[in-house]
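Asks: got a structure for you, letters missing:
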């Protein structure tokens, strides 16, 4: 019977299970002897604190220089899914975070796992932007911090994100350069020639468009038209003056 129980708890990933009565006295227990040669002795005070004003709990213990993760719930009628009725006993299951369990998590999650004390700060002097680090604080039954677990990515996803960010910066830079060249070209090819043409028409001479007359584009054609217009206007004014003077000479005294 013991072998069946051990096989059962191992199939669920647990290393220890306990059943306690309503006064936290041990009724039954089973453990995986591959972790330790003897069962764990956990005080009744710990169990009492775990179930204080609640029907389920989840906490960690630092036991035998190892981390023990414990899941607990009260034994109640099956219809009481929320464990609100008076406890008729307690069922507890635990998992040691041993090397095999940590290696298994690292393989399944793709993260490397490391531990540090609550007072130790994470070393970020040699921060690698190609990796993502996530920290989890492990708390005991009273809510005190007992250990911090750091999960650090060692897959390609973070590197791809970093490369994407660098590519985005390059594309944004190229976009700004392209916009600058575009506006500079618009100013040189359109705005400045239009300004010269406007000044020439407002001032009534072709001096402002003299620099455009040699161009073979539309603005050069407009500049040459303006030049001819002012030349014709000048000749017309001279002709009018000459006709006025000639008519004065032929008038009968």
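Replies: Sure, I can see it. All values derive from a computational prediction rather than experimental measurement.
Asks: And the helices in the stretch 1-150 of the chain?
Replies: For the stretch 1-150 of the chain, the helices defined by DSSP state H, counting those that start in this stretch cover 2-11, 44-50, 99-109.
Asks: right, and residue 93 touches residue 19 too?
Replies: No: using Cβ atoms under 8 Å, residue 93 is not in contact with residue 19, being 10.2 Å away. Just so you know, the C-beta spots here come from the backbone N, C-alpha and C atoms, and that holds for glycine as well.
Asks: and these two? which has more neighbours close in?
Replies: With neighbours defined as other Cβ atoms under 10 Å, residue 93 and residue 19 compare such that residue 93 has more, 17 against 14.
Asks: wait, what's in contact with the more buried one?
Replies: Applying Cβ atoms under 8 Å, 6 or more residues apart in numbering to residue 93 gives the contacts 9, 12, 14, 16, 17, 18, 70, 71, 72.
Asks: Go through those residues and give me the one with the most neighbours.
Replies: So for these (other Cβ under 10 Å), the most neighbours sit at residue 70, 24 neighbours.
Asks: which intervals of the protein have sub-threshold pLDDT?
Replies: 1-11, 33-38, 122-130, 154-163, 250-253 (pLDDT under 70).
Asks: where along the stretch 1-150 of the chain do the strands fall?
Replies: Secondary structure of the stretch 1-150 of the chain (DSSP state E, counting those that start in this stretch): strands at 16-20, 26-31, 56-63, 66-74, 90-96, 111-116, 133-139, 145-153.
Asks: Dump these to CSV, plus distance to residue 39.
Replies: Formatted as CSV, the strands of the stretch 1-150 of the chain follow (distance: least, Cβ to Cβ, whole Å):
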stretch, distance to residue 39
strand 16-20, 7
strand 26-31, 5
strand 56-63, 11
strand 66-74, 12
strand 90-96, 11
strand 111-116, 25
strand 133-139, 22
strand 145-153, 21
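Asks: nearest to residue 227, of the ones you listed?
Replies: strand 145-153 (71.9 Å; Cβ to Cβ).
Asks: What helices and strands are in contact with the helix or strand following that closest one?
Replies: The element immediately downstream of strand 145-153 (helix or strand, assigned by DSSP states H and E) is helix 157-186. Helix 157-186 sits against no helix or strand, with contacts defined as 3 or more Cβ pairs under 8 Å, 6 or more residues apart in numbering; DSSP states H and E.
Asks: ok, the closest residue to residue 134 other than its chain neighbours - contacts?
Replies: Nearest non-adjacent residue to residue 134, counting by Cβ to Cβ, 6 or more residues apart in numbering: residue 151, 4.6 Å away. Contact analysis of residue 151 by Cβ under 8 Å, 6+ apart lists 109, 111, 112, 113, 133, 134, 135, 136.
Asks: give me the beta-bridge partners of residue 151?
Replies: Assessed by DSSP bridges, residue 151 has beta-bridge partners residue 113, residue 134.
Asks: Could you break this protein into its assigned domains?
Replies: Domain segmentation of the chain under automatic domain parsing yields 2-155, 159-249.
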